[in-house]
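*Asks:* turn this into a structure:
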Amino acid sequence: MMNRQPSGPPNPRHARYRQMPIHWSGCPATIFLIVICCIVAAISQLGFNTKPVSGLYFSDQPPQELLEKLQTRLESIEEADGDDSPEYRRVLEQYKKAVFPTSKPFEQIKHGQVWRLVTPAFLHFGPMHLIFNMMWLWTLGCSLETYLRRVKFLLLVAIIAVVSNVAQALSGGTNFGGMSGVVYGLFGFVVVHGKLHPRGGLYLNPRTVRYMLIWLVVCFTGLVGPIANWAHLFGLFAGGAIGGGDALLNGGWQALKRRHEFRRAIIAGSGAIHRCVVCGKTEEHDADIEFRVGTDGQEYCEHHLPEIAS
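*Replies:* As a prediction, the model looks like this:
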């Protein structure tokens, strides 16, 4: 194998968003989680048959027969007296309490069924719910599994699942499910880690970051239907906190010190000594940018290094 200089100038677009290629063989834990979600979705008929998976909910759910009976009763009252009648409102309250049970959410967990703290993450309702969650789990999970390795990654997923599920159970009842709380936790880990330790190896395209944050806000508006919003929010907080701690413990603190020293030196008027031939950036633009001299004798920042062909 031999190294050779590329024929043309480096492409800034390729260099800026270049990431390590992901192969399925390097993400066994992520694949395991996806397979479990798909199996549970198949057993529950994508949420239409909750009885076979009732033990995976945060707490016991009301029988499907009761929900159907209340729904039929609501329809008959609405047809006869309208939806403004006292009887309709009374039955509607019963239906809401059945669909979103809030009393004693930890009853089964206190009796030893501790898996319920995690397992709601494996429940999904409808094909799009499953597809989008699995897509983001694959994208974020593989990157983090490569970085953390298998056991630490699964521990991270479990912690985020517990935090997000407990928050949702306390705020919106126990009739919920989905991997999106974990997904937002993984997202938070990557974003905060990348901010505190830019050279730590974790990075997300800014467009992806904007999309995820916008979707978080849109879900809170209620325009897309009932969503486990508190699971999203607290999952994001939990993942971000863990990602920040990991970044500081693994080089981020030193990076912050270097950034502080750099800014102090700039204020003192030390001036820049490096400049990228592609983008023209100097260390005055970013204290964390590193510079290298290529085989052509030109100086490049780390984002615009010439690609090495083999």
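
*Asks:* for Glu299, give me its contacts.
*Replies:* Shown in contact with Glu299 (CB atoms under 8 Å, 6 or more residues apart in numbering): His274, Arg275, Cys276, Val277, Phe291, Arg292, Val293. (Glycine included, C-beta is placed from N, CA and C.)

*Asks:* identify the bridge partners of it.
*Replies:* Beta-bridge partners for Glu299, by DSSP bridges, are Val293.

*Asks:* please report how far it lies from Leu196.
*Replies:* To Leu196, Glu299 is 27 Å away according to CB to CB, to the nearest Å.

*Asks:* just to revisit the earlier point, so which of the contacts of Glu299 sit within helices?
*Replies:* Among the contacts of Glu299, DSSP state H puts none in helices.

*Asks:* just those residues: which are in strands?
*Replies:* Among the contacts of Glu299, the members falling in strands (DSSP state E) are Phe291, Arg292, Val293.

*Asks:* quick one: which of those residues has the most company?
*Replies:* The member of the ones in strands among the contacts of Glu299 that has the most neighbours, counting by other CB atoms under 10 Å, is Phe291 with 17 neighbours.

*Asks:* got the contact list for the nearest residue in space to it that is not next to it in sequence?
*Replies:* If the residues on either side of it in the chain are set aside, Phe291 comes closest to His274, at 4.2 Å by CB to CB, 6 or more residues apart in numbering. Contacts for His274 (CB under 8 Å, 6+ apart) come out as Thr282, Glu283, Phe291, Glu299, Cys301.

*Asks:* before we move on, what about Pro120?
*Replies:* Each residue near Pro120 by CB under 8 Å, 6+ apart is listed here: Leu56, Tyr57, Phe58, Ala161, Asn165, Gln168, Phe176, Gly177, Gly178.

*Asks:* any idea how far it is from Lys104?
*Replies:* As judged by CB to CB, Pro120 and Lys104 stand 16 Å apart.

*Asks:* and whatever helix or strand Trp138 lives in, what's buried?
*Replies:* Under the criterion of DSSP states H and E, Trp138 resides in helix 127-148. Using 16 or more other CB atoms under 10 Å as the test for burial, helix 127-148 gives 129-130, 132-134, 136-148.
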